[in-house]
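K.L.:
Next comes the sequence, and after it the predicted model I'd like to discuss.
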Amino acid sequence: MKIKLISIKISTILSILFVFGFSDLQAQAALQKAMDRINVSINMPSCFKVSQNHEVMSIVETKEEEVQPTIAQSYGIEPAYGDTFFLAMFGLVHSVVESEKNDYLFFVNVSPGKGGGFYGNTPDNPEKSDVFNNISFGGIKRHFQWGKPMVDASEAEANELYPLLKVYSRELAKTMFNANVMVSYPVNLRGNVYKNKYTRCRAVVVGKERLEFVIIFMMTDESMENFDEYLKDIEEVFWFNEKEASTLKNPVSGRPEPHDFEVDGIYYKFMNNNNVEVTSSPNCYNGIVSVPGEVNFNGVVYSVTSIGGGAFIGCSGLTSVILPQSITRIKPYAFMLCNSLESIIIPNSVTQIEESVFSGCRNLKSIAIPDSITRIKEFAFWECSGLDSIVIPNSVKSIGTYAFYRCRGLKSVIIPNSVESIMENAFGECDALTSVNCRILKPFQIKDPVFSGVKFENCTLYVPRGKKELYKTTEGWNSFLMIEEI
């Protein structure tokens, strides 16, 4: 029996919930922009209110020593982790859509997955054997094992999950969304309640030609019985256009996107002034990739100045990247989830490390941050658990939210005097840290937790001479139990 499984592995579940920070029209425009990447148009009726923002609200982690139930046993209401709602879904863009019926709402998730599709294609006759040959169970498994590393489902696990699925006909998928896959299944909320009201959850995966989005319905115990009615409410709200998927512009998610030419296995897109950008490969990049500073195409020499958003996302066979000095920008998500990437040297022509550039690169063992960098943005090195030490150069002014979160192999970090702000959980869950060498002469207060999860009894904060008492009385820094001057 053949089972198609996804390859993305994520050991932390980010719960990204969007509160009403934008107006309805602004939020709809943001959602449409996200859907444009997968060539989906939106016709949102007035009975729905759309909202979104980009706040990470909470993170769930299952302790390793806990006895894990089987996947099927995991479904059902279990003791809550707290009053906060935890949504086990990782994606590029989320939105919240509330119904005027006031008895349900739903999240929209545009997945950053890459390759053969998150869930494949619904077979014409969705018998069990055909479903196993066409549906990926890895993402479904994640919803039943909170906080556990996201790994592919085994055949036994897929058998266990199958009874929980509702696989809709391709005809219905086409009628509702002009799609060719539509699958729904329950999501375990572990007893948590969202907005002090919603206790039940069901995910609906909609896809076409290796592109997909997920609609996550939140309901009450009573309204759960009306799920089929709610599903009808969104008929034709989201619609896959007829344009070929291989020609879509999708600069961040890593989906097939247009490239203007290819030379020596590297794909490029024209920019301006004879500049080009490295873009994603239809078959993903593997091994060692050396990006040239210039490339000759049809007798014209172009300067390679940027790495496109999501250009290498999910390239699990990529081990090393060599970048030229001509590169001035590495765009968000460029190397996200490159699980085999071990080393990369950022050229000193780059001025900031952008959002999620190296998120999930678990085997990244070394990275040289040049002194041209002024900002390390949010999630830049999230869960780069292979990193042993980090030297932040004396040019960096800000370290973004969750920048080094869950870098669990990280033992030492040097923070220079140039740093003016460190955002929430920048070094959260770095529980192997034993040394933080902070060279800031005038330590600023840290209102949000920056080092949450760090074992302060095992970690020494080293500070400039004559500054120990100042650090001991400054909020945030005074969490360290051991402070020494050097």
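P.N.:
Ah, there it is. Numbers count the residues shown, from 1 in each chain.

K.L.:
Where does pLDDT dip in this protein?
P.N.:
1-27, 30, 33, 52-94, 111-153, 190, 209-210, 243-258 (pLDDT under 70).

K.L.:
Using the record's assignment, carve it into domains.
P.N.:
Domain segmentation of the chain under automatic domain parsing yields 13-246, 374-486.

K.L.:
who's residue 239 bridged to?
P.N.:
Assessed by DSSP bridges, residue 239 has beta-bridge partners residue 41.

K.L.:
Tell me how far it lies from residue 184.
P.N.:
19 Å (CB to CB, to the nearest Å). Yep, even glycine has a C-beta here, placed from its N, CA and C like the rest.

K.L.:
out of the two, which sits in the more crowded spot?
P.N.:
More neighbours surround residue 184 than the other of residue 239 and residue 184, with 20 against 17 (other CB atoms under 10 Å).

K.L.:
Look at residue 160 and give its secondary structure.
P.N.:
At residue 160, secondary structure determined by DSSP: H, G, I helix; E, B strand; the rest coil is helix.

K.L.:
what's the neighbour count on it?
P.N.:
That count, for residue 160 with other CB under 10 Å as the rule, works out to 19.

K.L.:
what do you get for the one 3 residues further on?
P.N.:
Burial of residue 163 is recorded as 9 neighbouring residues (other CB under 10 Å).

K.L.:
and if you look at the one 3 residues further on?
P.N.:
Other residues near residue 166 come to 14 when the count uses other CB under 10 Å.

K.L.:
ok, now how distant is it from residue 433?
P.N.:
Distance from residue 166 to residue 433, by CB to CB: 45 Å.

K.L.:
now do residue 264
P.N.:
In terms of CB to CB, residue 264 sits 41 Å off from residue 433.

K.L.:
Please apply the same query to residue 228.
P.N.:
From residue 228 to residue 433 the distance is 50 Å (CB to CB).

K.L.:
Same check on residue 227?
P.N.:
Taken as CB to CB, the span from residue 227 to residue 433 is 46 Å.

K.L.:
more neighbours, the two?
P.N.:
Applying other CB under 10 Å to residue 227 and residue 433 shows that residue 433 carries more neighbours, namely 24 against 18.

K.L.:
pretty sure the more buried one contacts residue 409?
P.N.:
No - judged on CB atoms under 8 Å, residue 433 makes no contact with residue 409 at a distance of 10.0 Å.

K.L.:
Show me where the stretch 101-250 of the chain has its helices.
P.N.:
For the stretch 101-250 of the chain, the helices defined by DSSP state H, counting those that start in this stretch occupy 128-134, 138-142, 155-161, 170-177, 227-233.

K.L.:
for the stretch 301-450 of the chain, what spans make up the strands?
P.N.:
318-322, 329-330, 343-345, 352-353, 366-368, 375-376, 389-391, 398-399, 412-415, 421-422, 435-438 (DSSP state E, counting those that start in this stretch).

K.L.:
okay, these in TSV with mean neighbour count and distance to residue 216 next?
P.N.:
Formatted as TSV, the strands of the stretch 301-450 of the chain follow (neighbours: other CB atoms under 10 Å; distance: least, CB to CB, whole Å):
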stretch	mean neighbour count	distance to residue 216
strand 318-322	18	31
strand 329-330	21	31
strand 343-345	17	34
strand 352-353	22	31
strand 366-368	15	34
strand 375-376	21	31
strand 389-391	16	35
strand 398-399	20	31
strand 412-415	19	36
strand 421-422	18	32
strand 435-438	19	38
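
K.L.:
any idea how far residue 409 is from the closest residue to residue 458 other than its chain neighbours?
P.N.:
The spatial neighbour of residue 458 that comes closest, neighbours along the chain excluded (CB to CB, 6 or more residues apart in numbering), is residue 434 at 5.9 Å. Using CB to CB, residue 434 is found at 12 Å from residue 409.

K.L.:
same thing with residue 187?
P.N.:
31 Å.

K.L.:
do the same with residue 375
P.N.:
Applying CB to CB, the value for residue 375 to residue 409 is 24 Å.

K.L.:
same thing with residue 167?
P.N.:
From residue 167 to residue 409 the distance is 41 Å (CB to CB).

K.L.:
Between the two, point out the one with more neighbours.
P.N.:
Of the pair residue 167 and residue 409, residue 167 is the one with more neighbours under other CB under 10 Å, namely 21 against 17.

K.L.:
Does the more buried one have any beta-bridge partners, and if so which?
P.N.:
residue 183.

K.L.:
Kindly provide the distance from it to residue 381.
P.N.:
Applying CB to CB to residue 167 and residue 381 gives a distance of 39 Å.

K.L.:
cool, and residue 110?
P.N.:
23 Å.

K.L.:
burial of residue 377, as a residue count?
P.N.:
18.

K.L.:
Hmm, it is touching residue 358, no?
P.N.:
No - using CB under 8 Å, residue 377 is not in contact with residue 358; the gap is 11.0 Å.
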